[in-house]
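K.L.:
Sequence and computational prediction follow.
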Amino acid sequence: MADPRGFLKVKRAKTPERPPAERIADYREITIEPSPDDLRAQASRCMDCGIPFCHHGCPLGNVIPEFNDLVWRGRFEDAVRVLHATNNFPEVTGRVCPAPCEASCVLALEEAPVTIKDVERTIARHFFEAPDHPALRPVRAPFRTGRRVAVVGSGPAGLAAAQQLARLGHDVVVYERDDRVGGLLRYGIPDFKMEKAIIDRRVAQMEAEGVRFETGVDVGRDLGKDELFAKFDAVVLCLGARVPRDLPVPGRELEGVHFAMEYLEQQNRRVAGDDRMGDVVLADPDKGAILAAGKHVVVIGGGDTGADCVGTANRQRAASVTQLELMPKPPLVRMPENPWPAWPLVLRTSSSHEEPSLEKERCEREFAIMTKALLPDASGKRVAKLRAIRVELQNGALRELPGTELELPCDLALLAMGFLGPEKKGIVEELGLALDARGNIVTDRSGATSVPGVFAAGDASRGQSLVVWAIADGRRVAKGVHEALERGSLRAAG
């Protein structure tokens with residue numbers, strides 16, 4: 001174990017971030033990486049508990065006490081090996097995971113858990129900065145099975161499933177509708193949280209392992225089920241949950257009202273050097289570009305996607321940014337009905353909330369507020385204000401509070417209210433897959449759907465969730481596909 005008295009001698013210290021006024025001038029990652037000595041000190045706080053509840057918190061089952069101990073001892077190469085045993089992409093989870101493992105850490109009882117996420121990210125940095133580190137060399141299967149598997153979607157679930165299947169000796173083709181590999185990782189997560197060269201380097205490793213990527217292919221339109229079944233022994237659908245929740249209020253049709261992912265994808269493409277996105281000229285608001293510069297921005301939805309919109313609007317130099325959340329403001333600390341080691345239902349503040357806009361020192365956040373209408377400007381075409389009313393939660397239902405109506409300036413409204421499951425039009429409808437009450441693809445424990453030879457993983461089957469859950473799902477379903485192929489009990493069949 002790490003230092004038996006480390007948690008008594010060393011205080012929790014999160015990795016610092018670049019100052020807000022500095023980081024809003026670019027789209028580079030905001031974290032200032034710790035020195036090796038500082039990191040070792042934080043890893044020394046791990047107590048190697050008899051029952052490590054951090055395992056319970058981590059969907060991947062990362063063996064956290066072991067890699068904390070190795071980092072404390074300065075054995076980074078061994079820490080890399082241990083981390084990769086359970087996690088295909090620690091360079092991703094170390095950046096974008098909300099760290100449920102830390103919430104389950106025994107030291108979280110004192111609100112000072114081990115900085116597990118920082119340790120994981122720094123282990124990943126150790127091998128990513130090396131020009132030819134063994135962790136990024138291809139792991140080729142010792143033999144080929146001759147079985148072919150199609151993975152539809154190249155988000156975290158699809159990438160994890162594809163890598164696992166390739167390493168088991170199967171011939172894997174990943175189909176991606178977008179022009180680049182990565183799915184949500186590529187176009188949903190801003191570069192200031194995760195720079196995209198990380199994806200490119202991991203994809204290069206997977207290609208060397210035998211995975212073939214085909215971008216610009218919309219399975220269900222460009223490639224139908226009959227062709228899939230003719231070419232492949234199994235199909236894994238990793239489509240994500242890409243149907244956004246809409247806002248059915250008067251004024252929704254006005255110019256300047258957009259889904260969050262439209263906005264975030266455009267900016268990620270600008271950072272990547274793109275000039276166009278289909279018919280949209282990314283630098284020209286008159287040709288479809290969504291830009292916050294000089295505007296009063298209202299983000300409707302209080303989650304991570306909304307916070308990503310806040311950070312992006314700050315960098316585009318919005319006049320002001322306000323984030324609205326329908327539910328009441330969470331408490332600052334755990335309530336008795338939300339005991340450790342469950343995920344703490346407390347107020348979370350993103351780095352984006354602390355950044356300035358042109359007119360405000362930081363993002364303004366409003367809770368328990370319901371949008372009632374979006375109001376037009378003098379032309380009647382473009383949004384200019386947002387009308388809302390305050391609400392309270394009574395007996396599990398939200399009730400509007402008379403006399404609390406208000407209007408906010410709003411030149412750009414971004415809808416970040418979550419997602420409703422995978423897109424049904426296309427391959428899901430063509431296959432006739434069984435869906436649950438929420439519209440997600442029904443699977444068994446192995447990931448098998450109602451159609452023989454077809455599996456599903458990630459948000460498409462579990463609903464909107466975390467990147468870490470998507471990776472875990474991809475690994476689990478790859479195991480299910482492999483076992484079924486080994487039994488010879490399936491072939492994709494129409």
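P.N.:
Structure's in. What do you need? Residues are numbered from 1 along each chain as shown.

K.L.:
biggest strand in the chain by residues?
P.N.:
As assigned by DSSP state E, the longest strand anywhere in the chain is strand 383-394.

K.L.:
For it, which strands pair with it and how are they oriented?
P.N.:
According to DSSP bridges, strand 383-394 forms sheet pairs with strand 369-376 (antiparallel), strand 397-400 (antiparallel), strand 406-409 (antiparallel).

K.L.:
Show me the contact partners of the longest one.
P.N.:
This points to strand 369-376. Under the criterion CB atoms under 8 Å, 6 or more residues apart in numbering, residues 247, 249-252, 254, 257, 300, 324-326, 382-391, 398, 400, 405, 407, 410, 413 lie in contact with strand 369-376. To be clear about C-beta, it is placed using only N, CA and C from the backbone, and glycine gets the same treatment.

K.L.:
go again using 6 Å as the cut-off
P.N.:
For strand 369-376, the surrounding residues in contact (CB atoms under 6 Å, 6 or more residues apart in numbering) are 249-251, 254, 257, 300, 324, 326, 383-391.

K.L.:
ditto for the last one
P.N.:
When contacts are taken as CB under 6 Å, 6+ apart, the neighbours of strand 406-409 outside the stretch itself are His296, Val298, Lys385, Leu386, Arg387, Ala388.

K.L.:
change it to 7 Å
P.N.:
His296, Val298, Thr322, Lys385, Leu386, Arg387, Ala388 (CB atoms under 7 Å, 6 or more residues apart in numbering).

K.L.:
repeat for the second one
P.N.:
The list of residues contacting strand 397-400 from outside it, by CB under 7 Å, 6+ apart, reads Met370, Ile389, Val391, Glu392.

K.L.:
can you map out the helices along the stretch 201-350 of the chain?
P.N.:
Using DSSP state H, counting those that start in this stretch, the helices of the stretch 201-350 of the chain run over 225-231, 260-271, 304-315.

K.L.:
I'd like these as TSV, with mean neighbour count appended.
P.N.:
Formatted as TSV, the helices of the stretch 201-350 of the chain follow (neighbours: other CB atoms under 10 Å):
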stretch	mean neighbour count
helix 225-231	15
helix 260-271	21
helix 304-315	26
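
K.L.:
Which one, of these, ends up nearest to Cys105?
P.N.:
Ranking the helices of the stretch 201-350 of the chain by proximity to Cys105 (CB to CB) places helix 304-315 first, at 21.1 Å.

K.L.:
quick one: the closest one to helix 260-271, angle?
P.N.:
On the basis of axes from the mean of the first three to the mean of the last three CA atoms, to 10 degrees, helix 304-315 is oriented at 50 degrees to helix 260-271.

K.L.:
Export helix 304-315 to PDB, keeping only CA atoms.
P.N.:
Provided in PDB are the C-alpha atoms of helix 304-315 (Å, rounded to 0.1, in the frame of the first residue of the first chain):
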ATOM      1  CA  ASP A 304     -22.100  19.200 -18.100                       C
ATOM      2  CA  THR A 305     -23.200  19.900 -21.700                       C
ATOM      3  CA  GLY A 306     -24.600  23.300 -20.500                       C
ATOM      4  CA  ALA A 307     -21.300  24.000 -18.700                       C
ATOM      5  CA  ASP A 308     -19.400  23.200 -21.900                       C
ATOM      6  CA  CYS A 309     -21.600  25.800 -23.700                       C
ATOM      7  CA  VAL A 310     -20.800  28.300 -21.000                       C
ATOM      8  CA  GLY A 311     -17.000  27.900 -21.400                       C
ATOM      9  CA  THR A 312     -17.300  28.100 -25.100                       C
ATOM     10  CA  ALA A 313     -19.400  31.200 -25.000                       C
ATOM     11  CA  ASN A 314     -16.900  32.800 -22.600                       C
ATOM     12  CA  ARG A 315     -14.100  32.100 -25.100                       C
END
